[in-house]
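Q: Pasting the sequence and the predicted model now:
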Amino acid sequence: MELIRIGVLGITSAILILIIKNHRPEIGLQISLVFGAMVMVFLASRIRTVLELIEVYVNRANISGVYIATLFKIIGMAYITEFAAESCRDASQNAIASKIELAGKILIIITAMPVITSVMNIILDLL
Amino acid sequence: MDIDLIFRIAAVGILVAVLNSLLTKSGREEQAMMTTLAGLVVVLLMVVKEIANLFDTVKALFDF
């Protein structure tokens, strides 16, 4: 049911953008930004239920919480990076979009550093 | 999912476009520029509020 509303809203905002594009292109971009933000906010509440499900099974398998917290943080960072980069690409600013994506990748690697080091230690111990 | 936000922004955009062409036709270019900027600021306020809401939700959800 929600999907229908999102689809219809997307189509109407696309039409509205087309109307406004040739007069005021900057406001057209802002309509797509607002639509993107609203859909992402709506999806965030849905993703929460998925994350809680994962958390339940992680606790049952008693994996240490550090890895899961890092995983959630990385998902959040990817979420925001994708939103920002696509919005800039929508405004035909590909250079800015690629810079945002590069920053997102590097910051994600930095957040994943502890997990990588622990995995490396385990592997080195095996050898 | 407040749908009226998008229609409000579209309405402001169309209003500014019409006012702009009206003012330029009647020879007052600088006032046309002022209305454009005013409309842009109003729309920006709405957009920034919505994006701030998005970032707060993501931060709360993924416990940044």
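A: Now that the structure is in, tell me what you want to look at. If you're wondering where the values come from, they're calculated on a predicted model, not measured in any experiment.
Q: wait, does the helix or strand containing A:Leu9 contact chain B?
A: For A:Leu9, the host element (DSSP states H and E) is helix A:2-21. Yes - counting by C-beta under 8 Å from any C-beta of the partner chain, chain B has neighbours in helix A:2-21: A:2, A:5-6, A:9, A:12-13, A:16, A:19-20. Glycine gets a C-beta too; all of them are placed from N, C-alpha and C.
Q: For burial, what's the neighbour tally of the residue of chain B found nearest chain A?
A: Residue nearest to chain A within chain B (C-beta to the nearest C-beta): B:Phe62, separated by 2.8 Å. Residues lying near B:Phe62 (other C-beta atoms under 10 Å in any protein chain shown) number 22.
Q: residues in contact with it?
A: Neighbour list for B:Phe62: A:72-73, A:75-77, A:79 [criterion: C-beta atoms under 8 Å, 6 or more residues apart in numbering or on different chains].
Q: and if we set it to 10 Å?
A: By C-beta atoms under 10 Å, 6 or more residues apart in numbering or on different chains, the residues touching B:Phe62 are A:44, A:47-48, A:51, A:69, A:71-80.
Q: ok and the very next helix or strand once past the helix holding A:Leu9 relative to helix A:2-21, angle-wise?
A: Once helix A:2-21 ends, the next helix or strand along the chain (criterion: DSSP H and E) is helix A:25-60. Relative orientation of helix A:25-60 versus helix A:2-21 (axes from the mean of the first three to the mean of the last three C-alpha atoms, to 10 degrees): 160 degrees.
Q: buried ones in helix A:25-60?
A: For helix A:25-60, the neighbour count (16 or more other C-beta atoms under 10 Å in any protein chain shown) marks A:27-41, A:44, A:47, A:51 as buried.
Q: what's the answer for stretch B:49-64, then?
A: So stretch B:49-64, judged by 16+ other C-beta under 10 Å, has buried residues B:50-51, B:54-55, B:57-58, B:61-62.
Q: Quick check, B:Glu29 in contact with B:Leu22.
A: No - using C-beta atoms under 10 Å, B:Glu29 is not in contact with B:Leu22, being 11.9 Å away.
Q: show me the contacts for the spatially most central residue of chain B.
A: Centrality entry for chain B: nearest residue to the mean C-alpha point is B:Val43, 1.3 Å, by C-alpha atoms, centre = their mean. B:Val43 makes contact with A:24, A:26-27, A:29-31, A:33-34, B:8-10, B:12-13, B:16, according to C-beta under 10 Å, 6+ apart.
Q: Export the residues of helix A:2-21 next to chain B to TSV and append columns for neighbour count and pLDDT.
A: Listed next are the residues of helix A:2-21 next to chain B as TSV, based on neighbours: other C-beta atoms under 10 Å in any protein chain shown; pLDDT from 0 to 100:
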residue	neighbour count	pLDDT
A:Glu2	11	87
A:Arg5	12	90
A:Ile6	15	92
A:Leu9	17	92
A:Thr12	16	92
A:Ser13	22	91
A:Leu16	22	90
A:Ile19	15	88
A:Ile20	23	88
